[in-house]
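*Asks:* kindly return the folded structure for what I paste below:
(one chain, ligands or ions: 1)
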Amino acid sequence: MASVIGTILKKPVKIALVQLLSGSDKAANLRHAASQVARAAAGGSKIVVLPECFNSPYGTVYFPKYAEPILPLPAVKEQAPSYFALSAMASENNIYLIGGSIPELNPSTKKIYNTCLIFGPDGALLSIHRKTHLFDVNIPGKVSMRESDVLSPGNKVTIVDFPEYGKVAIGICYDIRFPEIAAIAARKGAFALIYPGAFNLVTGALHWKLLAQARAVDNQIYVGMCSPARNLDSKYHAWGHSMILDPMAAVLAEAQEGEAIIESELNEDRILETRRNIPLETQRRLDVYPDVSEGQVAYEDPDLLGQVLN
Ligand SMILES: NC(=O)CCC(=O)C(=O)O
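*Replies:* The predicted structure is shown next:
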């Protein structure tokens, strides 16, 4: 049984979600992200999160145009501006940075990924998460998207250890609809599930908060969902409403649709109290159904082995 024993969150930590307004100018988006991350850090947050596709507009036509190589990292900094900008944001502000997502190009295979880069306070890359479940949906007359026309999926569950605090799991947007990642991460000891995500006005209104609460309540864990601000000049209108939820699925902080920074302090007592009061972990009937956190779970993408430690 994969229940968590011992400390989950070593000390309280303030987290900030930056609901960033991005446009079509990548360099301007990076500069703007840097200024907002610095504001969040100045407010005392030690973990800062950016939204999905924070350096580009969101959409399949844009991914190839904005994609940049990460692995292997080009010697010429200008060829991977987002990587170096994110690394600098982390080190200059002495924070853990969950860098939203950017379109990533694998130069040898020519595959493109929707990728989250996670940096430590020294600016070193701690892990990468490539969006595992691609957003291929068609709600006739309302929302139609086929990320898989252009993107390739990542192939792992990403749980990152922040040595000062504990473990955080990362998914990107549509990944939140697949509860297995969240269950695996919680049972492996994560204290928070973080999803940079750009929902739209149709599914955002219906499912954004519902999914955040579902992942929190099922796993008795903190959840953060970080959206871009809604840009009515762009083709894709993001839902906004970035939010932080506690392990009882109560909303601790929520943005509206405009640019905003939302913050909350996370502490272990809240997780333990929830799990003590409603002891799902000891009541789980793993003699009746399997434990998704046991057996075959990929924590490393074979493509990334030797390039990034998880
Ligand atoms: N960028 C995305 O993955 C969007 C996901 C979404 O809107 C959904 O309903 O799921």
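
*Asks:* enumerate the residues of the stretch 101-250 of the chain near the ligand.
*Replies:* By Cβ under 6 Å from any ligand atom, the residues of the stretch 101-250 of the chain that approach the ligand are 135, 173-174, 177, 198-200, 203, 207. C-betas here are computed from N, CA, C, even on glycine.

*Asks:* hmm, which of the residues you listed are the buried ones?
*Replies:* Listed as buried from those are 135, 173-174, 177, 198-200, 203; burial here means 16 or more other Cβ atoms under 10 Å.

*Asks:* tell me which stretches of the stretch 151-300 of the chain form helices.
*Replies:* In the stretch 151-300 of the chain, helices defined by DSSP state H, counting those that start in this stretch lie at 179-187, 201-203, 209-219, 268-277, 280-283, listed in chain order.

*Asks:* just the C-alphas of the lengthiest helix in the chain, formatted as PDB.
*Replies:* As assigned by DSSP state H, the longest helix anywhere in the chain is helix 26-42. Output in PDB follows, covering the C-alpha atoms of helix 26-42 (Å, rounded to 0.1, in the frame of the first residue of the first chain):
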ATOM      1  CA  LYS A  26       7.900  36.600 -27.400                       C
ATOM      2  CA  ALA A  27      10.600  38.900 -26.100                       C
ATOM      3  CA  ALA A  28       7.900  41.200 -24.700                       C
ATOM      4  CA  ASN A  29       6.100  38.300 -23.100                       C
ATOM      5  CA  LEU A  30       9.400  37.200 -21.400                       C
ATOM      6  CA  ARG A  31      10.200  40.600 -20.100                       C
ATOM      7  CA  HIS A  32       6.600  41.000 -18.800                       C
ATOM      8  CA  ALA A  33       6.800  37.500 -17.100                       C
ATOM      9  CA  ALA A  34      10.100  38.500 -15.500                       C
ATOM     10  CA  SER A  35       8.500  41.700 -14.000                       C
ATOM     11  CA  GLN A  36       5.500  39.800 -12.700                       C
ATOM     12  CA  VAL A  37       7.500  37.000 -11.200                       C
ATOM     13  CA  ALA A  38       9.700  39.600  -9.400                       C
ATOM     14  CA  ARG A  39       6.500  41.200  -8.000                       C
ATOM     15  CA  ALA A  40       5.300  37.800  -6.800                       C
ATOM     16  CA  ALA A  41       8.700  37.100  -5.200                       C
ATOM     17  CA  ALA A  42       8.800  40.500  -3.600                       C
END
